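**Q** Return atomic coordinates for the entry below.
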Amino acid sequence: MKDLQQNSLVQVDHPLVQHKLTLMRDIHCSTRKFRELMNEIGMLLCYEVTRDLPLEMIEIETPLTAMRAPVIAGKKLVFAPILRAGVGFLEGMLTLVPAARVAHIGLYRDPATLGAVEYYFKAPHDLADRLVIVMDPMLATGNSAVAALDRLKECGAVDIRFACLLAAPEGLSKLHGHHPDVKIWTCSVEERLNDHGYIVPGLGDAGDRMFGTK
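**A** Numbers count the residues shown, from 1 in each chain. Down below sits the predicted model:
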């Protein structure tokens with residue numbers, strides 16, 4: 001974990017993020033409020049994950065004079081939520097980067113094996129030319145994250161980042177072990193997984209709480 005933290009892990013400790021995360025953890029947080037908070041944290045996470053995007057200078061005219069000013073260089077980003085809970089981040093991220101492309105990765109966790117099973121995948125054809133940001137609120141066992149990254153790389157993606165709300169040490173180790181080139185942003189590194197593969201202390205099942213299916 002020490003090497004991972006130094007090289008591949010960013011913990012987003014901004015007070016607004018930590019405050020909103022605490023509200024989400026509370027068992028009394030309503031479905032509506034949970035969705036709102038997920039959207040807001042998605043926006044704040046996007047700000048952090050894209051902090052070092054490359055810029056290029058272009059010529060513009062202000063109301064007073066001509067000048068050279070910076071704009072984001074290269075092709076548009078790709079946001080890749082892991083369904084279903086990953087879509088909770090999408091609206092907030094698209095608010096900041098409305099021109100981004102979107103890939104959808106449908107995975108569910110087999111309750112017996114905890115392995116990831118793919119049921120849907122759709123992505124832009126030119127992933128190799130774009131920065132891809134994969135989103136999933138919970139990095140628990142790491143199986144879904146690894147499966148998603150495997151699939152994206154099979155389709156040509158080379159520049160990939162992973163953003164999550166909570167991360168278990170087990171999931172961090174697995175993701176880093178399989179994809180050491182993928183940098184991870186998380187709001188909290190949690191204590192452990194329980195016997196059912198849920199993050200402790202965590203916030204429960206993010207998808208169930210977001211969509212009211214608990």
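
**Q** can you give me the helices for this structure?
**A** 2-7, 15-25, 31-49, 87-96, 143-154, 169-178, 206-211 (DSSP state H).

**Q** Remind me what the last one packs against, helices and strands.
**A** Identification of packing neighbours for helix 206-211 by 3 or more CB pairs under 8 Å, 6 or more residues apart in numbering; DSSP states H and E yields helix 31-49. Quick note: C-beta positions are derived from backbone N, CA and C, even for glycine.

**Q** Identify all contacting residues around the helix it packs on.
**A** Identification of contacts with helix 31-49 by CB atoms under 8 Å, 6 or more residues apart in numbering yields 10, 12, 14, 16-17, 20-21, 23-24, 29, 88-93, 95-97, 133, 135, 137, 161, 163, 165, 185, 187, 206, 209-212.

**Q** Please list only the buried members of the residues you listed.
**A** Among those, those classed as buried by 16 or more other CB atoms under 10 Å are 12, 17, 20-21, 23-24, 29, 88-90, 92-93, 97, 133, 135, 137, 161, 163, 165, 185, 187, 206, 209-211.

**Q** A80 touches A123, doesn't it?
**A** Yes: the pair A80 / A123 is scored as a contact, 7.0 Å apart, by CB atoms under 8 Å.

**Q** overlap in contacts of the two?
**A** Common neighbours of A80 and A123 (criterion: CB under 8 Å, 6+ apart): A103, H104, I105, L152.

**Q** Now do the contacts for the last one.
**A** Applying CB under 8 Å, 6+ apart, we find L152 in contact with A80, A103, I105, A123, L127, V132, V134, I160.

**Q** returning to what we had before: wait, which of the helices of the chain is closest to M67?
**A** helix 87-96 (24.1 Å; CB to CB).

**Q** How far off centre is the closest one?
**A** 10 Å (CA atoms, centre = their mean, to the nearest Å).

**Q** Could you list the low-pLDDT ranges of this structure?
**A** For the chain, the stretches with pLDDT under 70 are 1-6, 214.

**Q** ok, now with 90
**A** Applying pLDDT under 90 to the chain picks out residues 1-8, 73-76, 84-85, 107-118, 195-198, 204-208, 210-214.

**Q** In terms of secondary structure, what does the lengthiest strand in it contact?
**A** The longest strand of the chain (DSSP state E) is strand 159-167. Where contact means 3+ CB pairs under 8 Å, 6+ apart, strand 159-167 is packed against helix 31-49, strand 131-135, strand 138-139, helix 143-154, strand 183-189.
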